[in-house]
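In: coords please:
(one chain, ligands or ions: 1)
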Amino acid sequence: MTDHPTLITLLQKLEKSSTLESVLALLGWDQQVNLPPKSVEERARQLSAMSELAHHAATDPEIETLLQELEGDLDHLNQDEKIILKHARKDYDRSTKLPSAFVAEKAHLDAEAYGAWVDARANDDFEAFRPYLEKQVAMSLEAAGYMGHADKPYDYLLDIFDPGLTTEAVEDLFGKLKEQLLPIVKQILDSTVKPDTSFLKGFPINKQDEFLTLVTKQMGFDFDHGRIDTAVHPFCTGTAVDTRLTTRYFEDDPLDSLTGALHEMGHGLYQQGLSAENGHNALGQHVGMAIHESQSRTWENQVGRSREFWQHFEPKYREAFPEQLKGISSDDLFLATNRVQISPIRVDSDEVTYNLHIILRFELEKKLISGELSVKDLPAEWNRLSEEIVGHTPESNKTGVLQDVHWSGGMFGYFPSYCVGNMIAAQFWYAALKDLPNLTEDFAQGKFDRLLKWLRENVHCHGKRYNTQELVKKVSGEEINPDYLIRYLKERYLPIYT
Ligand code: ZN
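Out: Okay, here's the model as predicted:
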């Protein structure tokens, strides 16, 4: 690919490091999918030994020498090579600028805080979790300081997940979105149309699995380079050549299982669309979490909740579940797929109100990181803002401030990517509709290749060549704009909830 000798050596180092990372990911996948209950300790030892090797490879001092050499020889690097170099520098700094005592302390805290969060949630006891969360906030600030971002720590945290996104930009996007979204939510909730979901009972899991395999194959998930298994928490991991998805099945909520699996498949299609030959460097790696999420949302929502999706797949669905769907009309099925209701729990909420849950978390973590809000006052502020933004006061901390795992791992700055991802999904959707006439008619015929090819050529193939905003601009002609999500939600939901 390159003939620059220093870059070739650097690429070999990056390959070693990312290969070790992929082994770690595979061990993690296996832990959640296959691990026998009494093998947990052995797996912990394996993970710990592999982490050490991976960390060693990522922080190899020879990488610093190679980076400096290349940084002094930019005239001999082409555009792509400069991109590889820029990201290799960013990754290397992130791995080495934190003192090793800090890294060890953080790993220890993450493990302890996770256990404390599990117990605190089970017992509805925020006070038991409070010291761990305080420590996570303090260590996030400390990390931002080590990285040279003590002045704008929340910007630093956002950038970890979405390169280039700033607090100011997200504030602006969420402000505009909230203003337009609240009237839509109100109109839907005030509607006399109420989906009946009582028929969603007793859908055998093996039949759901067969149906999902049929759908994902038809949508283009490559089973020669990937698998779908079941796990308690759905996720997508692996590489472009070996993509591992997990899903979960509920006998009494098959549509949640289906849309959840399509979500993970969307992540998987993005991963499979990344350049395999560049899998170890920036050109074959995903941009960030918002773009990743946009890809999962496209297949889950724009495609998987459409009338055209059901026009094609409904006969197969009825074949799989003849008894369960007896007397249920096409409209009933479509409506149940697009139910909207205020839920206290983010992960149980629909694609309309989900965004409000994210705005709530963004407002809170921004204040926690700026010091405007102390952890002690977090539960009360959560409840107050939840009423104001989501329209619901949680009955307990268990279904309120303690519901998500993210903060126990100190993952501040991650939540916004879910909602920004929804915005980008809608923005890309309208760009695709412009480029591909009558696209949705393809779906009614069970064809998804035009959409997948468009995503591959416009989004997947670029790897990290562009940051989040740059890629959105390249694909759609403008920076992230929440109006597209509003337009999409209006077009999808207002004709249903008249
Ligand atoms: Zn996702």
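
In: Please state the offset of stretch 333-350 from the chain centre?
Out: Relative to its chain's centre, stretch 333-350 lies at 19 Å (CA atoms, centre = their mean, to the nearest Å).

In: With stretch 26-44 instead?
Out: Taking the mean of its C-alpha atoms, stretch 26-44 sits 23 Å from the chain's own mean (CA atoms, centre = their mean).

In: Stretch 44-54 now?
Out: 25 Å.

In: any idea of the mean pLDDT in it?
Out: In this model, stretch 44-54 has an average pLDDT of 88.

In: what's the answer for stretch 58-66, then?
Out: The average pLDDT within stretch 58-66 is 97.

In: List the buried residues of it.
Out: Residues of stretch 58-66 classed as buried: 58, 60, 63, 66 (neighbour count, 16 or more other CB atoms under 10 Å). No exception for glycine: its C-beta is placed from N, CA and C like everyone else's.

In: Where strands are concerned, which of the residues you listed count?
Out: Within the buried residues of stretch 58-66, no residue falls in strands by DSSP state E.

In: mind listing the strands for the stretch 51-200 of the chain?
Out: Counting by DSSP state E, counting those that start in this stretch, the stretch 51-200 of the chain has no strands at all.

In: so where's it uncertain?
Out: Within the stretch 51-200 of the chain, the set of residues satisfying pLDDT under 70 is empty.

In: picking up where we left off before, would you mind putting the buried residues of stretch 58-66 into a markdown table with distance to residue 197 alongside?
Out: Below are those laid out as a markdown table (distance: CB to CB, whole Å):
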| residue | distance to residue 197 |
| --- | --- |
| 58 | 47 |
| 60 | 55 |
| 63 | 54 |
| 66 | 58 |
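
In: and of these, the nearest to residue 11?
Out: The shortest approach to residue 11 among those belongs to residue 66, at 9.6 Å (CB to CB).

In: got a list of what that closest one touches?
Out: 6, 9-10, 13 (CB atoms under 8 Å, 6 or more residues apart in numbering).

In: cool, residue 485 as well?
Out: Contact analysis of residue 485 by CB under 8 Å, 6+ apart lists 177, 355, 422-423, 425-427.

In: could you redo the last one with a cut-off of 6 Å?
Out: Each residue near residue 485 by CB atoms under 6 Å, 6 or more residues apart in numbering is listed here: 422-423, 426.

In: before we move on, the earlier item: which of the buried residues of stretch 58-66 sits closest to residue 348?
Out: Distance to residue 348 across the buried residues of stretch 58-66 (CB to CB) is lowest for residue 58, with 37.2 Å.

In: any idea how far the closest one is from residue 463?
Out: 19 Å (CB to CB, to the nearest Å).

In: Could you do residue 15 as well?
Out: With CB to CB as the criterion, residue 15 and residue 463 are 15 Å apart.

In: same thing with residue 1?
Out: According to CB to CB, residue 1 and residue 463 sit 13 Å apart.

In: Repeat that for residue 488.
Out: Using CB to CB, residue 488 is found at 27 Å from residue 463.

In: hang on, the earlier thing: who has more neighbours out of residue 15 and residue 463?
Out: residue 463 (22 against 14; other CB atoms under 10 Å).

In: can I assume the more buried one is in contact with residue 287?
Out: No: counting by CB atoms under 6 Å, residue 463 stays clear of residue 287, with 7.6 Å between them.

In: so residue 311, which of the three states?
Out: Under the three-state scheme (DSSP: H, G, I helix; E, B strand; the rest coil), residue 311 adopts helix.

In: Would you confirm that it contacts residue 443?
Out: No: applying CB under 6 Å, one finds residue 311 not in contact with residue 443, separated by 7.6 Å.

In: Settle it for me: which of the two has more neighbours?
Out: residue 443 (23 against 17).

In: what sits against residue 205?
Out: Contacts of residue 205 by CB under 6 Å, 6+ apart are residue 249.

In: Look at it and report its pLDDT.
Out: For residue 205, the model assigns a pLDDT of 97.

In: distance of it from residue 312?
Out: From residue 205 to residue 312 the distance is 23 Å (CB to CB).

In: try residue 357
Out: 31 Å.

In: out of these two, which sits in the busier spot?
Out: residue 357 (26 against 18).

In: where does the residue lying closest to that one once chain neighbours are set aside fall, phi/psi-wise?
Out: Closest residue to residue 357 apart from its sequence neighbours, by CB to CB, 6 or more residues apart in numbering: residue 346 at 4.1 Å. Main-chain dihedrals, residue 346, degrees, to the nearest 10: phi -50, psi -50.

In: circling back: residue 162: which of the contacts of residue 485 is nearest?
Out: For the contacts of residue 485, the minimum distance to residue 162 (CB to CB) is 11.8 Å, reached by residue 423.

In: from memory the closest one sits against residue 479, does it?
Out: No: judged on CB under 6 Å, residue 423 makes no contact with residue 479 at a distance of 10.6 Å.

In: Among these two, which residue is more densely surrounded?
Out: Counted by other CB under 10 Å, residue 423 and residue 479 do not tie: residue 423 has more neighbours, with 27 against 13.

In: residues contacting that one?
Out: For residue 423, the contacting residues are 480, 482, 485, by CB under 6 Å, 6+ apart.

In: Next step: these restricted to helices.
Out: The members of the contacts of residue 423 that map onto helices under DSSP state H are residue 485.

In: a markdown table for the contacts of residue 423, including distance to residue 247?
Out: Putting the contacts of residue 423 into a markdown table (distance: CB to CB, whole Å) gives the following:
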| residue | distance to residue 247 |
| --- | --- |
| 480 | 29 |
| 482 | 29 |
| 485 | 25 |
